[in-house]
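[1] Need a 3D model of the following:
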Amino acid sequence: MREGRPSTTASAVAWARAVASLPGRGRGPAVDEAAASMLPAPLGHALRALAPLSERTPAVRLALRVGSLGFVDHLGLRTAALDDAVTDAIAAGAKQLVVLGAGLDARAYRLAGLEDVVVFEVDHPATQRFKRERVARLTPRAKEVRFVAIDFERERIEERLAEEGHDPSAPTMWIWEGVVPYLEPAATRATLTSIAAISAPGSRLALTYVVDHRLLRAPLVRPIELAFRVLGEPLRSLTSQRELHAVLEDTRWRPIDDTGPHDWRRRYGWGIDALLLLEERLVLSER
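    Residues are numbered from 1 along each chain as shown. Okay, here's the model as predicted:
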């Protein structure tokens, strides 16, 4: 990560969400009109310029989707599944939303139903400085947005959240999206333990993870791993559904649902079969 810039993966996710949200026929199930504003200027300007063309000519967006080898569709579906998890948690009484490794997530500025919810965005200071410049002109949908800048190597999540007013006695919805594969297993377990300790009964956690059964048998495994290393964000934690569920239960999180791309395509009736070798899933747990 360069000083004053978001991570490569944060920018890639925002780009995919922006493409999936381009107007016109074939638009994704989760519309993120703020995503283009989150991107570095040249790329953001280009995507905003494509919007009217995409509305008139659906083939423009389709070409971007196919050219991404399924990445755009995967991110569009993952975003929709997480949005639904947040909406359900709020309906069940959550008044706090914590986004761990928030990156360029724009839910606080676009998702309906957050009017009574305080959103805490937890991330590295460099990413947050870039993001705060981008959202300065946006009006939050949330009751309040609190940026929790943290040096993950030196500061504790529970302490920084307490300093920013997180209430451990009130149910919290936690989002941990697209982060776990880049962490060592011990760091994942430690974070799950920490947030469980400050989560009231009824709190929920939506966590995405990458299963290893496809990747470990794929002939392209080494080039893929090398590509992530070159980007400065190596994959460190591929796991199985059973192994991750065991970790969640050990850290006082009860898995209640686990879905993947095929489930999302059936649910939303959108998306092409991903050509990605990685299989990413979403597990929803409760305290």
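[2] Please make it C-alpha for all contacts and neighbour counts, starting now.
    Fine.
[3] Where does Leu53 sit, in terms of helix or strand?
    Following DSSP states H and E, one finds Leu53 within helix 41-56.
[4] and that helix, what does it pack onto?
    helix 35-38, helix 58-67 (3 or more CA pairs under 8 Å, 6 or more residues apart in numbering; DSSP states H and E).
[5] mean confidence for stretch 87-101?
    Stretch 87-101 shows a mean pLDDT of 97.
[6] Please apply the same query to stretch 191-205.
    pLDDT averaged over stretch 191-205 gives 98.
[7] same question, stretch 33-50
    Here the average pLDDT along stretch 33-50 is 87.
[8] relative to its centroid, which residue of the chain is most remote?
    Going by CA atoms, centre = their mean, the residue of the chain most distant from its centre is Arg56, 29.8 Å out.
[9] show me what contacts that one?
    Counting by CA atoms under 8 Å, 6 or more residues apart in numbering, Arg56 touches Gly24.
[10] In the protein, mark out all the strands, start to finish.
    96-100, 118-123, 144-149, 172-176, 204-211, 254-259, 279-286 (DSSP state E).
[11] Now do the same contact list for Ala142.
    Contacts for Ala142 (CA under 8 Å, 6+ apart) come out as 108-109, 113-119.
[12] oh sorry, the question was meant for Gly178
    Contacts of Gly178 (CA under 8 Å, 6+ apart): 208-209.
[13] go on, Lys143?
    By CA under 8 Å, 6+ apart, the residues touching Lys143 are 114-119.
[14] sorry, back to before: and among the helices and strands packed on helix 41-56, the most buried is which?
    Between the helices and strands packed on helix 41-56, helix 35-38 has the highest mean count of neighbours, a mean of 26, where neighbours are mean count of other CA atoms under 10 Å.
[15] counting contacts, what elements does that one pack onto?
    Helix 35-38 packs on helix 8-20, helix 41-56, helix 125-135, going by 3+ CA pairs under 8 Å, 6+ apart.
[16] Now render those helices as CSV, adding distance to Val283.
    Below are the helices and strands packed on helix 35-38 laid out as CSV (distance: least, CA to CA, whole Å):
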stretch, distance to Val283
helix 8-20, 19
helix 41-56, 31
helix 125-135, 26
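[17] Mean pLDDT lowest where, among these?
    When the helices and strands packed on helix 35-38 are compared by mean pLDDT, helix 41-56 comes last with a mean of 86.
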